[in-house]
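[1] can't give you the sequence, but here's the structure:
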């Protein structure tokens, strides 16, 4: 599989450059860009896996989520510059749904096919559940509800306030997990298995590959944004479907691959940290940051989602919290999350 991704990268990056310079058809370029980003994301996943072995599951999962979300952040900034606020909000929705239902669901399902019962740190699961309740169900709902009684300027002002609070709490959560309470809630099983595996790449090489892959993704992502409108017209897709499904899957390809691999290796602490950590980073850091970044562009982005987006994220968060709060999982629970994702995907496609 690694050879396939290597071939896709060495072919896809030059084709992306040549295609954009020669103005190939948008549909063809859309496919090339998406496949190239997925191939580059595999390198980001392998690099962060190496760093996870060296630094531990929490920091490894955080690094994987951060560099994986860097792809989506780059795509979203370019989309904001083009005034595609609907696509950005939809991609944020898709990222939350994708991580909670698709990534976690696939991880639980694939891992559960190999192991009858898989466990992970229940204290981390409960900590993440509280933050999910706050970020997705509280902080996203409040601007939506209050926007009915406010004009656009007041709604934007509320969004900026909520964005600053979310980012502050997210940084405080990282400080809690990685500094003041690092190792306090670490399971004995995880402490024993942390140094069992040798990393594929050294720390320096892994960081270098992460940086190079992110730069390449930034270039391809900028070109990908310009194909959205044409592709939507040709296939009859809405901006909502492109954002929720297509952009979210492509933008989170690194997390998808890494989390499933970790679950297959029965490293559920890392897999869960990737899925949940990435969701929290999107909801509490990426989305608020995009609200603030949008102030530099002509079209501003308030933190107000459509009702289908909001209800989908809230129900996905509640379902994931209920399934994961006991600190163990199996293939059927993974299948339940995947089924929920498919139902929502059909809804967004037909909407």
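    Okay, I see it. Not measured: the values here are computed from a predicted model.
[2] okay, now the closest residue to residue 105 other than its chain neighbours: neighbour count?
    What sits nearest to residue 105 in space, not counting adjacent residues and going by C-beta to C-beta, 6 or more residues apart in numbering, is residue 337, at 3.2 Å. C-beta here means a position set from N, CA and C on the backbone, and glycine is covered the same way. Residues near residue 337, counting by other C-beta atoms under 10 Å, number 25.
[3] One more: residue 216?
    Using other C-beta under 10 Å: residue 216 sits among 19 other residues.
[4] same check, this time on residue 168
    12.
[5] what sits up against the helix or strand harbouring it?
    Per DSSP states H and E: residue 168 is located in helix 152-175. Residues outside helix 152-175 that contact it (C-beta atoms under 8 Å, 6 or more residues apart in numbering) are 62, 127, 131, 134-135, 139, 142-143, 146-147, 150, 280-281, 283-285, 287-289, 291-292, 295, 300-304.
[6] Mean pLDDT per helix and strand in this structure: which one sits at the bottom?
    helix 188-193 (a mean of 50; mean pLDDT, DSSP states H and E).
[7] Okay, buried residues for the next helix-or-strand element following that helix please.
    Next along the chain after helix 188-193, taking DSSP H and E as the criterion, comes helix 203-225. Taking 16 or more other C-beta atoms under 10 Å as the neighbour-count basis, helix 203-225 is seen to contain the buried residues 206-207, 209-210, 213-214, 216-225.
[8] just the residues you listed now: which is nearest residue 44?
    Nearest to residue 44 out of these is residue 213 (C-beta to C-beta; 4.9 Å).
[9] wait, what's in contact with that closest one?
    Per C-beta under 8 Å, 6+ apart, neighbours of residue 213: 40, 41, 43, 44, 47, 67.
[10] Can you tell me how far it is from residue 53?
    Residue 213 is 18 Å from residue 53, where distance means C-beta to C-beta, to the nearest Å.
[11] so the nearest residue to residue 85 once chain neighbours are set aside, which of the three states?
    The shortest distance from residue 85 to any non-neighbouring residue, by C-beta to C-beta, 6+ apart, is to residue 301 (4.9 Å). With DSSP: H, G, I helix; E, B strand; the rest coil as the basis, the three-state label of residue 301 is coil.
[12] Tell me where this structure is predicted with low confidence.
    1, 56-57, 64, 68, 71, 183-197, 239, 248, 250-255 (pLDDT under 70).
[13] which ones are touching residue 102?
    Counting by C-beta under 8 Å, 6+ apart, residue 102 touches 249, 256, 337, 338, 341.
[14] run the last query once more with 10 Å
    Counting by C-beta atoms under 10 Å, 6 or more residues apart in numbering, residue 102 makes contact with 94, 245, 248-249, 252, 255-256, 259, 275, 316, 337-338, 340-342, 344-345.
[15] do the same with residue 290
    Residue 290 sits next to 72-73, 76-77, 79-80, 85, 88-89, 91-92, 163, 282, 301, 303 when contact means C-beta under 10 Å, 6+ apart.
[16] all strands of this structure, in order?
    Under the criterion DSSP state E, the chain carries strands at the ranges 118-119, 328-329.
[17] Out of those, which is the most enclosed?
    Stretch with highest mean neighbour count among the strands of the chain: strand 328-329 (a mean of 21; mean count of other C-beta atoms under 10 Å).
[18] Please name the residues that touch residue 223.
    Counting by C-beta under 10 Å, 6+ apart, residue 223 touches 16, 17, 19, 20, 29, 30, 32, 33, 36, 78.
[19] The second one: neighbouring residues, count only.
    What that stands for is residue 17. Other residues within reach of residue 17, judged by other C-beta under 10 Å, total 13.
[20] So it versus residue 262, what's the distance?
    From residue 17 across to residue 262, the span is 33 Å (C-beta to C-beta).
[21] again with the fourth one
    Distance from residue 20 to residue 262, counting by C-beta to C-beta: 35 Å.
[22] In terms of neighbours, single out the busier of these two.
    residue 262 (27 against 19).
[23] How much space separates that one from residue 207?
    20 Å.
[24] Ok, residue 137 next?
    Counting by C-beta to C-beta, the separation of residue 137 from residue 207 is 36 Å.
[25] same deal with residue 182?
    From residue 182 across to residue 207, the span is 21 Å (C-beta to C-beta).
[26] For this structure, which helix extends over the most residues?
    The residue-count maximum for a helix in the chain (DSSP state H) belongs to helix 26-55.
[27] so that one versus helix 203-225, what angle?
    Put simply, helix 26-55 runs at 160 degrees to helix 203-225, going by axes from the mean of the first three to the mean of the last three C-alpha atoms, to 10 degrees.
[28] what comes up buried for stretch 28-45?
    29-30, 32-45.
[29] Hmm, I typed the wrong one, I wanted stretch 67-87.
    For stretch 67-87, a neighbour-count test (16+ other C-beta under 10 Å) marks 67-82, 84-87 as buried.
[30] Work out the gap between that stretch and the centre of the chain.
    12 Å (C-alpha atoms, centre = their mean, to the nearest Å).
[31] swap in stretch 330-346?
    With C-alpha atoms, centre = their mean, you get 17 Å for stretch 330-346.
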